[in-house]
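Participant: build me a model:
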Amino acid sequence: MMRVVEFYFDLSSTNSYFAAFMLPGICDREHARVNWMPTHSAALFRGTGFEVMAMTPLKARYLWRDHARYAELTGLRFKKPSRFPIKTASALRAVVAAGHAAQPDDGSSREQSQRRITQEIMRAYWERDEDICDREVLKSIVSSAGFDGATLLEIADSIATREKLAAITEKAVERGIFGVPTFFVGSEMFWGKDRLDFVDRLLKRPE
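Facilitator: All right, here's what the predicted structure looks like:
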């Protein structure tokens, strides 16, 4: 059976941006599947008591420099957006909706659909500085990812999709997640893009 990495992420998370491109490459090499778990980090932090912006200017300056190093390492076209942080609820729901748009019970189709839309939204925000909380901008991004933008956003606005996003976030709190990106391989949890080496090593082990 193909192994699965559960990937909890938010589109406003710098480290999730890098992980959204680094993790699929690892999983492709190790014949594993990514379960994309869009997570509303603002709600997650409320549930854990974590203050996302609680850092000194010195630390923030260091982190942006470190992100630039990762951009050089990965070849990704990262740049600091003019709107940071940004509200992501609508965009996260679009990722959930993309999973619904896949063929029923087809995990591979769902994975590819959510991978495609997640990476496209990530590129729009973290590379092109687009306003992903603007509905018309988001519709254009969704369309460029190969979906019917208007239809998908209608699904994203539905009660069922809103409840699904809330359920994923609530499950994250229950599982002890306190930040994103977080990865699960079975019951083993890893936090941060700099822990992807451990994810890779675990996937290499025989089950």
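Participant: what helices or strands is the one helix or strand Trp36 maps to leaning on?
Facilitator: According to DSSP states H and E, Trp36 maps onto strand 32-38. The contact analysis (3 or more Cβ pairs under 8 Å, 6 or more residues apart in numbering; DSSP states H and E) places strand 32-38 against strand 3-9, helix 14-29, helix 89-101, helix 107-126, helix 159-174. Where C-beta positions appear, they are placed from N, C-alpha and C, glycine not excepted.
Participant: out of the ones you listed, nearest to Tyr62?
Facilitator: Closest to Tyr62 of the helices and strands packed on strand 32-38 is helix 14-29 (Cβ to Cβ; 12.8 Å).
Participant: now do stretch 139-159: distance to the chain's middle.
Facilitator: 17 Å (Cα atoms, centre = their mean, to the nearest Å).
Participant: buried residues, it. List them.
Facilitator: Lys139, Ile141, Val142, Ala145, Phe147, Gly149, Leu152, Leu153, Ile155, Ala156 (16 or more other Cβ atoms under 10 Å).
Participant: and Asp66, which helix or strand is it part of?
Facilitator: Counting by DSSP H and E, Asp66 is part of helix 57-74.
Participant: tell me the two of the buried residues of stretch 139-159 that are most distant?
Facilitator: Using Cβ to Cβ, the pair of the buried residues of stretch 139-159 lying farthest apart is Ile141 and Ile155, separated by 15.4 Å.
Participant: what residues are up against the residue nearest to Arg83 when sequence neighbours are not counted?
Facilitator: Nearest residue to Arg83, sequence neighbours excluded (Cβ to Cβ, 6 or more residues apart in numbering): Asp131, at 6.2 Å. By Cβ atoms under 8 Å, 6 or more residues apart in numbering, the residues touching Asp131 are Arg83, Ile86, Val137.
Participant: could I get the residues you listed as a markdown table with distance to Cys27, neighbour count and pLDDT?
Facilitator: Formatted as a markdown table, those follow (distance: Cβ to Cβ, whole Å; neighbours: other Cβ atoms under 10 Å; pLDDT from 0 to 100):
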| residue | distance to Cys27 | neighbour count | pLDDT |
| --- | --- | --- | --- |
| Arg83 | 31 | 14 | 95 |
| Ile86 | 27 | 14 | 95 |
| Val137 | 30 | 15 | 98 |
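Participant: go through the buried residues of stretch 139-159 and name the one nearest Ile121.
Facilitator: Of those, the one sitting nearest to Ile121 (Cβ to Cβ) turns out to be Ile141, at 5.6 Å.
Participant: wait, the closest one sits on Cys133?
Facilitator: No: using Cβ atoms under 8 Å, Ile141 is not in contact with Cys133; the gap is 11.3 Å.
Participant: identify each buried residue in the helix-or-strand element of the chain with minimal mean pLDDT, please.
Facilitator: Least confident helix or strand of the chain, by mean pLDDT, DSSP states H and E, is helix 41-48 with a mean of 78. In terms of neighbour count (16+ other Cβ under 10 Å), helix 41-48 has its buried residues at Ser41, Ala42, Ala43, Leu44, Phe45, Gly47.
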